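Engineer: Structure for this input, please:
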Amino acid sequence: MYNRVENEKFSIKEFFTNLLNELVEDPEDFYISSLGVIQYEAIEKKIEFNDSFQKKREKEFNHEITFDSEYSENRDQIELYVFSPALIDPDIFDYLECVWSLVKSEYLTEKVLFRELYFLKEKSVRF
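Structural biologist: Okay, here's the model as predicted:
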């Protein structure tokens, strides 16, 4: 029987591997690009905190404006939008774990994720 979820997971992980091959000389660009993919997946699954991203998207759709560069290029904000859903959704965690293992020199665990969210909180990063 065709398992859509498992095949979808594989294709996203395969995408990360292909993206890494393209951006092998720039791990930071790979990391940010991959977080964007994971963020999109979280949005598709309707995982949000404070409805913040959805409200910004609706505003863009209603007013035909684009997000400013601070919103779309702020690494801390992007990490917040990915790390938080990873705590509650095993698929998002799995995607992040794949990217993390390719870029960072440690395994991604729930404890590591809490640590990273704590650092973001200390920087006053908010939704």
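Engineer: rest of the way, CA atoms for contacts and neighbours
Structural biologist: OK.
Engineer: what's around Val103, how many residues?
Structural biologist: Applying the criterion other CA atoms under 10 Å, we find 14 residues in the vicinity of Val103.
Engineer: hmm, I was thinking of Leu117
Structural biologist: By other CA under 10 Å, 18 other residues sit near Leu117.
Engineer: how about low-confidence regions in the chain?
Structural biologist: Per-residue confidence of the chain (counting by pLDDT under 70) places the weak regions at 1-10, 23-24, 48-73, 127.
Engineer: quick one, helices of it?
Structural biologist: Taking DSSP state H to define them, one finds helices in the chain at 4-22, 27-44, 52-63, 69-73, 75-88, 90-103, 110-122.
Engineer: distance of Ser84 from Glu25?
Structural biologist: Shown here: Ser84 relative to Glu25, a distance of 28 Å by CA to CA, to the nearest Å.
Engineer: ok, the two, which is more surrounded?
Structural biologist: Comparing Ser84 with Glu25 by neighbour count (other CA under 10 Å), the higher total belongs to Ser84, at 19 against 10.
Engineer: Please name the residues that touch the more buried one.
Structural biologist: Under the criterion of CA atoms under 8 Å, 6 or more residues apart in numbering, the contact list for Ser84 reads Leu117.
Engineer: What of Glu41?
Structural biologist: With contacts defined as CA under 8 Å, 6+ apart, Glu41 is in contact with Ile92.
Engineer: measure it to Glu116 for me?
Structural biologist: Summarising the geometry, the distance separating Glu41 from Glu116, computed by CA to CA, is 20 Å.
Engineer: burial count for the nearest residue to Leu108 once chain neighbours are set aside?
Structural biologist: Setting aside the residues directly before and after it, Leu108 is nearest to Glu97 in space (CA to CA, 6 or more residues apart in numbering), at 5.5 Å. In terms of burial, Glu97 registers 19 neighbours under the definition other CA under 10 Å.
Engineer: Could you report the distance from Glu97 to Ser124?
Structural biologist: Applying CA to CA to Glu97 and Ser124 gives a distance of 24 Å.
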